[in-house]
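**Student:** sharing a model prediction with you, sequence too.
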Amino acid sequence: MNSIPLTHILFVSTALFCIGMYGLFTRRNMITMLMSIELMLNSVNINFVAFNKYLWPEKLDGIFFTLFIITIAAAEAAIAIAIIINLYRSHNSIDVEDATELKY
Amino acid sequence: MSNYSYIVWIPLLPLLTFLLLGLFGRRYVKNFSGILGSASLLVSTVLSLLAARQYFLQDGQLNGVYQKIIAFKFTWLEFSPNVSIDISAVIDPISVMMLVVVTFVSLMVHVFSLGYMKGEERFATYYAYLGLFTFSMLGLVLSGNLFQIYMFWELVGVSSYLLIGYYYYKPSAVAASKKAFIVTRFADLGFLIGILVLAFYGQTLDISMLIERLTSTQSAEFTGITTAGFLGVSMLTWGLSLVFIGGAGKSAMFPLHIWLPDAMEGPTPVSALIHAATMVVAGVYLVARLFPIFSVDGVSLQLVTYVGAFSALLAAIIACTQTDIKRVLAYSTMSQIGYMMFALGVSKQGGESGLGYMASMFHLFTHAFFKSLLFLGAGAVIHLVHSNDMKDMGGLRKLMPVTHIAFLVGCLAIAGVPPFAGFFSKEEILLAAFHSNKLIFGVALFTAALTSFYMFRLYFSIFWNKEAAHHPHDHGEGTFSMKFPLVILAICAVVVGFVPFAHFVTSDGVALETHMDLGFSAVPVGLSLLAILLASVMYRVANDKPDKVAGTMGGLYKAASRKFYMDELYLFITKKIIFPLVGQPIAWIDKNIVDGLMNWLAAVTAKISELIKGLQSGKVQNYALYFFGGVAALGVLFIYIWK
Amino acid sequence: MNLSLLILLPLVTALVILFCNGLKQVRVAALVGSVAQLAVSVRLLLSYQAERAAGNHSPMLFESKQEWFSSLHINYHIGVDGISIAMILLTASVVVAGILVSWTMDKLSKEFFFLLILLSMGAYGFFISLDLFTLFFFLEVAVIPKFLLIGIWGSGKKEYSAMKLALMLMGGSALVFVGLMGVYYQTGSFDLMQIANTPIPLDVQKFFFPFVFLGFGIFAALFPFHTWVPDGHASAPTAASMFLAGISMKLGGYGCLRVATYLMPDAAHAYSWIIILLATIAIIYGAFATMMQTDLKYINAYSSVSHCGFVILGIGMLTRTSINGAVLQMVSHGLMTALFFAAIGMIYSRTHTRMVQQLGGLLKVMPFISTVFVIAGLCSLGLPGFSGFVAEMTVFMGSWQNPDGWYRFATILACASIVVTAVYILRAVGKTIMGPMDDHYATLTDASWNEKLAATILIVGIVLIGVAPFLINQLIMPGTDTIMMQVGKAITQK
């Protein structure tokens, strides 16, 4: 059962988080940015599940949180894509640099 | 004490007229407004005469002394438990005398205006203002509270303002009304501060109480006000002098007289009422009201004396050179009020030495009749000629016989020719001055002669001099309503001198026995007659003597005809000093420094935000970077430093 | 008498306005609401009189208290004394008049009337609050609508003025808030009556008093923070000018008195010389600055600076009469200046200019408006029979009772301002109402019924106070006495 130590899983989730963060910082395409955010959320999900399993195996709180996050992530994706579509309609682009009306 | 409560109706009736005409006059009672105003004032006059009869002849006296009766009184505004404004009606000899004068003259003016103002567009408004003025003046004379005097004082001021500016579309009338109000307001500032001083040390605003406290040398208040001082002058003197400044402003005493001649821009009947008979004597009345206090303070009384005498002389000199008939009359008013002032100044409180007080009030009384007569006469002339200038007149005696006789009576009265009214009162004044101050007496005598001269100069220039020119708008002498008041006032100008005034009005309420001294009277009367003769030589027939005389006088004549440059001086002070050196710099400072400071603050804030707005790049990824950087920094902080 | 009615009524009116359509419905709703407010205020006055007549001597009447946020001791605590009732009546009259004057406001009328009513709600709430936090809350409610009213419906450089006004007033509230926090942390309470009974050490008072007084002073146009007044008034639409000068500036005066002086009397006594110095400067300086103005609204705005100086002067002199005078002056100036702005608005809406040199002889074509203008002017220059006289004379009388020589000097200077007032008022009247008339004004019409009604309401108030000052004196005297008890303690301790 304990064949895979917790640290391995945490490495995976941290790597996933950093990839997501890197994508969020460097990409200008909104869809990619959204995907990066999803990656980051999923890394958190992994953390929840892993900690739940390794620290308090008799409880289910972590798993419930994961379910919550998945739900919210789905909702968030729906809204974000709606925004992106609208943005595309008005600006003909989904590059974040192009939407600067609210600057200053 | 019997009941005097009907007294309140005397001022209230004109007030009601004012409200009625002011609110509904223009639309509903337009043509009846004159009748309405006159009728209500007739009732007031009758009530005043009744009050006078009751007070002087029936029950005013107690053990031979006229009492001060408070007809009604209620607390209007309480400042502190003992200092409050009470609205009251006080009946004593001078207030009853003034009631009669004010209502009577006002009635005459109301009646005269029926003809004079006929056809004016704002006829109802005119009568409304007259009602307001009469109410205020009556309220003033009935005041038993120093602050009440001040209130009505301001109200007469504003009615005067409204009436001078009656012809509101004429810029000169607007300027004159403004000037009258502001100059008197300036004087009222003195009055107000004087009230503050007197009320603080006297701890009351009630005049009787004030007199009681500030005249008895034992009272704590008297000690307080005489020991306290400022710039080496006692507070009593300060208070009284400041109050006198208020009186001097209203009564057009030098150097605050400059508004009176300009005030002649108002309709002539108004000048007769306000600027001859009633409002302008309010200053004299004020000093008389507070006379017991003035009499214990020699310094302020001296001020009254010298200001009065100087004004009398100055005005008489200027009057000799003016050609606008209303201005001549205005300066003569100023001169006569100067008489009343210095008569008060040379007087003392009580007994024989209170002759000046009696004389002053007597002159106020007679002057009201003959001066309003002169003004109304001048009004009738102006109504016919449509000009104020002597040069446009002459030979009018045949065109307007009634006015002519009435005007002549007025001139004789003011010149002090026996048996006309002015003779009696002026003799008393001269007598009082003679007994007290020979310099003042000399000035008074000289002024009396000048008075006769310029009044007859006026008379001859209007009614004699040259042949009557043809006047295109010739509508004769005017209506009955214009002639009637002239006749009544002319009769008054003859008979009021015979009123045994000294029996009724004296400084201490005790009847005074006066005797005519023929030897003493001979000098002023002789001088007057000489002056009249001189005037008749110069002006009865048109000739070049006046010009020659003016030529020999040179600079003095020029200066006098320019009113000794007083107007220019005031204009210089206001236009050249106050406006550019005080007003404009303040407006500039406000705009540039005070407001500039605020704008500068705003600008600095904007600058700073401009500097730091680069952080708000609008790039989400930058924000995210800051965010994660922050989280990382906090993480490091929590893990390694704060453990 | 439930005081919360005074807050609920405007709130309901404002909500109803939101559901109305078109100018006609909106203005009727606003008028009905404001008349109801006036009725409630009068009812309040009557029940107050009855309660006092029945021998109720407690300093505040009709109190009610509701816990709001107990961990910070914030309560919804309301109650009134005579001073607040005078202020409430003033507010109610100005609101009715303001709504009548804007009867034909067809630009975004719904929003306009909504904001006006909201502003009045803030003012009522402010005047009845006995809890410092609710008081502050309502103060803010009364500030924000002004920004929009000027910014949207204003004229001239309206954005600049709106911003300036909002920023300066917000700055004032920020200062007030700091002061209130100081008081709260010293006494552990936001309750006005409770704080009044808790002695605050002198050094704490001396530290926090300037914040509160200055903060409220900005509302009351205290020199040198008065510059929002001229620009704000000049740019605001007529009703907003009336509200600003008639109500908002009174929030400041009332705050200086009720919060600063009442709660921290020792500091008020210690700083009185500064207060009097600033007030005297404001009076004289405002008067002279007015003399040089040529825009009617600027004339009235600067004269408001001068007149509000009397309020501050009266408070600074710390005598019973002078504080009474300050309250009287607040009421009087509120009515008078609202009337003045109403008259100016009526003239402006017809002639489309407010420059005195372009006007003249208006008496001929609009006798009613001209009369209103003259009455407002005469009240402003302190003519007996109008409220201005009563108020100013009470301030002078009270100020003179302060025996300090320098304070006397300040009083004389303040008195001298009445002459300057006469100069600028008569100049304005002489140039606009009198004098020769320009021909293209010949076809203008006189006031309509709503304008006449608005002016009449305000004039009735002015004349009522001017003719029967004993009525209002009787009303505010117990309130002044409560404040004087605190101040008296402070002065005798010295």
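**Tutor:** Yep, it's here.

**Student:** quick one: the residue of chain C most remote from its centre from C:V365, how far?
**Tutor:** In chain C, the greatest distance from the average C-alpha position (CA atoms, centre = their mean) is reached by C:D439, at 38.2 Å. Distance, C:D439 to C:V365, using CB to CB, to the nearest Å: 11 Å. Every residue, glycine included, has its C-beta placed from N, CA and C.

**Student:** how long is stretch C:267-275 end to end?
**Tutor:** 11 Å (CA to CA, to the nearest Å).

**Student:** mean confidence score for it?
**Tutor:** Mean pLDDT, computed over stretch C:267-275, is 90.

**Student:** and the spatially closest residue to C:G232 that is not a sequence neighbour, how many residues sit next to it?
**Tutor:** Nearest non-adjacent residue to C:G232, counting by CB to CB, 6 or more residues apart in numbering or on different chains: C:L165, 3.9 Å away. Per other CB atoms under 10 Å in any protein chain shown, the neighbour tally for C:L165 reads 26.

**Student:** likewise C:W449?
**Tutor:** Counted with other CB under 10 Å, residues neighbouring C:W449 total 9.

**Student:** could you do the one 10 residues further on as well?
**Tutor:** Residues lying near C:I459 (other CB under 10 Å) number 20.

**Student:** that's a helix at it, yeah?
**Tutor:** Yes: counting by DSSP: H, G, I helix; E, B strand; the rest coil, C:I459 is part of a helix.

**Student:** got the buried residues for the helix ranked longest in chain A?
**Tutor:** The single longest helix within chain A, with elements called by DSSP state H, is helix A:61-91. By neighbour count on 16 or more other CB atoms under 10 Å in any protein chain shown, the buried set for helix A:61-91 is A:62, A:65-66, A:69, A:73, A:80, A:84, A:87.

**Student:** on that earlier part again, tell me which residues in the strand or helix carrying the residue nearest to C:G232 are buried?
**Tutor:** Following DSSP states H and E, one finds C:L165 within helix C:158-187. Under the neighbour-count criterion of 16+ other CB under 10 Å, helix C:158-187 has C:158, C:160-169, C:171-173, C:175-177, C:179-180, C:182-184, C:186-187 buried.

**Student:** that helix packs against which elements?
**Tutor:** helix B:595-612, helix C:132-153, helix C:192-196, helix C:202-219, helix C:228-235 (3 or more CB pairs under 8 Å, 6 or more residues apart in numbering or on different chains; DSSP states H and E).

**Student:** helices or strands next to the longest one in the packing?
**Tutor:** Okay, so that is helix C:132-153. Counting contacts by 3+ CB pairs under 8 Å, 6+ apart, helix C:132-153 packs against strand C:74-80, helix C:109-128, helix C:158-187, helix C:192-196, helix C:228-235, helix C:238-243, helix C:249-255.

**Student:** again, only this time at 6 Å
**Tutor:** Under the contact criterion of 3 or more CB pairs under 6 Å, 6 or more residues apart in numbering or on different chains; DSSP states H and E, helix C:132-153 touches helix C:109-128, helix C:158-187.

**Student:** the first one versus helix C:132-153: what angle between them?
**Tutor:** What separates the directions of helix C:109-128 and helix C:132-153 is an angle of 150 degrees, with axes from the mean of the first three to the mean of the last three CA atoms, to 10 degrees.

**Student:** neighbours around residue 31, how many?
**Tutor:** Just so you know, I chose chain A. 12.

**Student:** actually, chain B is the one I wanted.
**Tutor:** Neighbour number of B:N31 under other CB under 10 Å is 10.

**Student:** which residue sits closest to it in space, ignoring its chain neighbours?
**Tutor:** Per CB to CB, 6+ apart, closest to B:N31 is B:F123, 7.3 Å.

**Student:** grab the nearest non-local neighbour of the residue in the stretch 1-150 of chain C positioned nearest to chain A.
**Tutor:** Proximity of the stretch 1-150 of chain C to chain A (CB to the nearest CB) peaks at C:F147, 21.0 Å away. Sequence neighbours aside, C:A166 is the residue nearest to C:F147 in space, at 3.9 Å (criterion: CB to CB, 6+ apart).

**Student:** ok, now B:K563?
**Tutor:** B:I318 (5.4 Å).

**Student:** which ones are touching the one you found?
**Tutor:** In this structure, B:I318 makes contact with B:331, B:560, B:563, judged by CB atoms under 6 Å, 6 or more residues apart in numbering or on different chains.

**Student:** which phi and psi does it have?
**Tutor:** Here is the backbone geometry of B:I318 (degrees, to the nearest 10): phi -60, psi -40.

**Student:** could you do B:I429 as well?
**Tutor:** phi -60, psi -50.

**Student:** quick one: pLDDT of it?
**Tutor:** On the pLDDT scale, B:I429 is placed at 86.

**Student:** so it sits against B:L344, correct?
**Tutor:** No: the criterion here is CB atoms under 6 Å, and B:I429 misses it with B:L344 at 9.8 Å.

**Student:** number of nearby residues for the residue nearest to B:N31?
**Tutor:** 22.

**Student:** return the distance of it relative to B:L20.
**Tutor:** According to CB to CB, B:F123 stands 14 Å off from B:L20.
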